[in-house]
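# no letters, just coordinates:
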């Protein structure tokens, strides 16, 4: 295949390019102007989902080669500018490739620091994150910016001393400036040595996609004293057929029965509370951190640009232990919640785990949970699992085995096993592998291999086989995406990336 031949040539010249990559990159820096870029050759070969006799080939090739160029001008009297463009090669036919150079991201910042106050203004396009920094149950999730595709907007920040900070943000989420959804966000933060108070407001205008605008207001109080930290937050959301508005609602203290505080809240209200006590000494063995969190959410509370949370009331209490003289960590959590909207449901379970490392390079993990979800049916759902892992590391290799048994004592009982590791063949060459097997209502198997080549900090190449996604949960077998791998297709990946 022609594409495979091209990939082989690219990998063959990788070592030669590495010898001159870093000097060339240094030569591109002319202060305060910094030019940079990245070239990535990515070829994916996978089996066709539904091969038929008249298909010309048994495999399909996807070329995702990409060239990125960026310009960074920082610390000048005229402000700071960052711009990035990318050229992409897209297969649009059997022998036709579409090449396009697109603007991907831009950011201009003007900042003034005076004696007692500062201000800054930022114009941006296609921002990946907004960095709102709302502490608990944020109105605007930092990571939601890039999910809408293209966006453009402006942000203004100001501060008076160390006590008062103000942030304002306006952004259009979409390509069409006249029809795309817009987000307006305001936040004021006042800090004192005893406590801090913040107030936030979010207006989500759907423009042509809906007739009602969505607004949320939030107030939050935080305080810290020695080893104790506490936070109390309240949010109120609402919808109206207008522009700027303040979501209303009233509390019903007569509806409080001593258990479910969400009955007191307006239907669009939500309350969050958290208390932490850290570094409590347990004799001479170690320290314990205690955490308690409570949330009560109304039936009509909506926060689609933040952490949503289901309606109802719930609390979680936990203890985290760190030993002093040995490498041992442990935790114990208890979770209880109830939901009354749409259907009645109660959740209660314990979650515990311990991790330890030995001097010979071996570490092990043992986690488990026991509990149930009762929705009034004859057979409540049980949340029971046991997860263990054993790993060993030497100078050149790290290898581990994982096992998990979930939904114990139920009709949904399942088993998962994994074996993975990495071998450092030389300082430049590395080999990864991972085998997964699951068995519940059916048997699923997944194999993953990757050979990596990294001759310098600016050059990376690899050849691999397996699925394109293997999950990102820190506890491998607890990743919810792992169960979907049974349906995923495996294929070959050839990639080379160079930074300059």
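Okay, I see it. Model, not experiment: these values are computed from the prediction. Residues are numbered from 1 along each chain as shown.
# which stretches in the protein count as helices?
2-12, 14-27 (DSSP state H).
# residues contacting the nearest residue to residue 120 once chain neighbours are set aside?
What sits nearest to residue 120 in space, not counting adjacent residues and going by Cβ to Cβ, 6 or more residues apart in numbering, is residue 111, at 3.9 Å. All C-beta spots, glycine's among them, are computed from the backbone N, C-alpha and C. Going by Cβ atoms under 8 Å, 6 or more residues apart in numbering, residue 111 touches 79, 80, 118, 119, 120.
# what do you get if the cut-off is 10 Å, keeping everything else the same?
Going by Cβ atoms under 10 Å, 6 or more residues apart in numbering, residue 111 touches 75, 79, 80, 118, 119, 120, 121, 122, 157.
# so for the most centrally placed residue in the chain, what's the nearest residue that isn't a sequence neighbour?
Geometric centre of the chain, nearest residue: residue 143, 7.1 Å, by Cα atoms, centre = their mean. Residue nearest to residue 143 in three dimensions, not counting chain neighbours: residue 129, with 6.1 Å by Cβ to Cβ, 6+ apart.
# dump the residue contacts of residue 395.
361, 424.
# okay, it: pLDDT?
Among the per-residue scores, residue 395 shows a pLDDT of 91.
# that older thread, correct me, but the residue nearest to the centre of the chain touches residue 127?
No - taking Cβ atoms under 10 Å as the definition, residue 143 is not a contact partner of residue 127, at 11.2 Å.
# hmm, back to that, for residue 276, state which of the contacts of residue 111 is nearest.
Ranked by distance to residue 276 (Cβ to Cβ), the contacts of residue 111 are led by residue 157 at 28.1 Å.
# looks like the closest one contacts residue 185 (just checking).
No - between residue 157 and residue 185 there is no contact under Cβ under 10 Å: 11.8 Å.
# who's more crowded, these two?
It is residue 185, of residue 157 and residue 185, that has more neighbours when counted by other Cβ atoms under 10 Å, with 23 against 17.
# surely the more buried one is in contact with residue 141?
No - the criterion here is Cβ under 10 Å, and residue 185 misses it with residue 141 at 11.3 Å.
# name the residues contacting each of these two.
With Cβ under 10 Å, 6+ apart as the test, residue 185 and residue 141 both reach 130, 132, 134, 305.
# so can I have a markdown table of these showing pLDDT, distance to residue 333 and neighbour count?
Listed next are the shared contacts of residue 185 and residue 141 as a markdown table, based on pLDDT from 0 to 100; distance: Cβ to Cβ, whole Å; neighbours: other Cβ atoms under 10 Å:
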| residue | pLDDT | distance to residue 333 | neighbour count |
| --- | --- | --- | --- |
| 130 | 85 | 31 | 23 |
| 132 | 83 | 28 | 21 |
| 134 | 82 | 24 | 22 |
| 305 | 87 | 28 | 24 |
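# which of the residues you listed lies closest to residue 87?
Among the shared contacts of residue 185 and residue 141, and counting by Cβ to Cβ, the member closest to residue 87 is residue 130, at 27.2 Å.
# the residue lying closest to the closest one once chain neighbours are set aside: how many residues sit nearby?
Closest residue to residue 130 apart from its sequence neighbours, by Cβ to Cβ, 6+ apart: residue 145 at 4.8 Å. Around residue 145 there are 23 other residues, counting by other Cβ under 10 Å.
# check which residues of stretch 345-359 are buried.
Buried residues in stretch 345-359, counted by 16 or more other Cβ atoms under 10 Å: 345, 346, 347, 349, 351, 352, 353.
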